[in-house]
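1. got a structure for you, letters missing:
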């Protein structure tokens with residue numbers, strides 16, 4: 001199971017010249033597939049270079065430090081990257097990277113959400129201060 005993941009990781013690192021760059025300011029190196037924020041790590045405080053990089057920066061912002069993002073955070077990244085991949089005004093390389101990011105966003109792990117407890121609705125009298133009238 002680890003071999004296909006390693007092959008995918010190596011393949012994604014080859015998609016961009018921005019691979020294994022230092023994370024900036026003494027941090028760990030990052031493996032970026034596009035811009036300053038798409039990939040493992042980021043180059044904060046540098047600004048995003050385009051719409052796809054901005055979507056990745058938003059995803060990084062909603063991911064807690066040392067934790068997993070929420071399911072909604074991953075869904076937003078998928079939606080934004082998918083829109084960019086379908087936008088004919090974007091350059092081909094950005095559209096290809098956006099399609100890859102959208103696909104990858106569907107496989108990202110997310111933080112487990114606490115279970116939702118469904119409560120039955122309370123059926124109180126609509127006007128508790130007035131007595132009920134019976135009309136026949």
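-> Structure received. Just so we're clear, the structure is a prediction, and the values are computed from it rather than from any experiment. Numbers count the residues shown, from 1 in each chain.
2. Give me the next element, helix or strand, following the biggest strand by length in the chain.
-> Using DSSP state E, we find that the single longest strand of the chain is strand 29-34. Later in the chain than strand 29-34, the nearest helix or strand by DSSP states H and E is strand 38-40.
3. same for that following strand, what does it pack against?
-> strand 29-34, helix 51-61 (3 or more Cβ pairs under 8 Å, 6 or more residues apart in numbering; DSSP states H and E). Every C-beta, even on glycine, is put in place using the N, C-alpha and C of the backbone.
4. circling back: for the longest strand of the chain, which strands pair with it and how are they oriented?
-> strand 21-22 (antiparallel), strand 38-40 (antiparallel) (DSSP bridges).
5. Walking through the protein, point out its helices one by one.
-> For the chain, the helices defined by DSSP state H cover 2-13, 51-61, 71-86, 92-105.
6. Contacts for the second one next, please.
-> Outside of helix 51-61, the residues that reach it under the criterion Cβ atoms under 8 Å, 6 or more residues apart in numbering are 34-39, 42, 44, 48, 69, 73-74, 76-77, 80-81, 84, 90, 94, 97-98, 101, 105.
7. In this structure residue 41 contacts residue 33, no?
-> No. Using Cβ atoms under 8 Å, residue 41 makes no contact with residue 33, being 10.9 Å away.
8. residues near the nearest residue to residue 49 once chain neighbours are set aside, how many?
-> Distances taken as Cβ to Cβ, 6 or more residues apart in numbering put residue 35 closest to residue 49, at 4.4 Å, once the chain neighbours are dropped. Look at residue 35: counted by other Cβ atoms under 10 Å, it has 25 neighbours.
9. ok, now which ones touch the residue lying closest to residue 105 once chain neighbours are set aside?
-> With Cβ to Cβ, 6+ apart as the criterion, residue 105 has its nearest non-adjacent residue at 3.9 Å, and that residue is residue 78. Contacts here follow Cβ under 8 Å, 6+ apart; on that basis residue 78 touches 102, 105-106.
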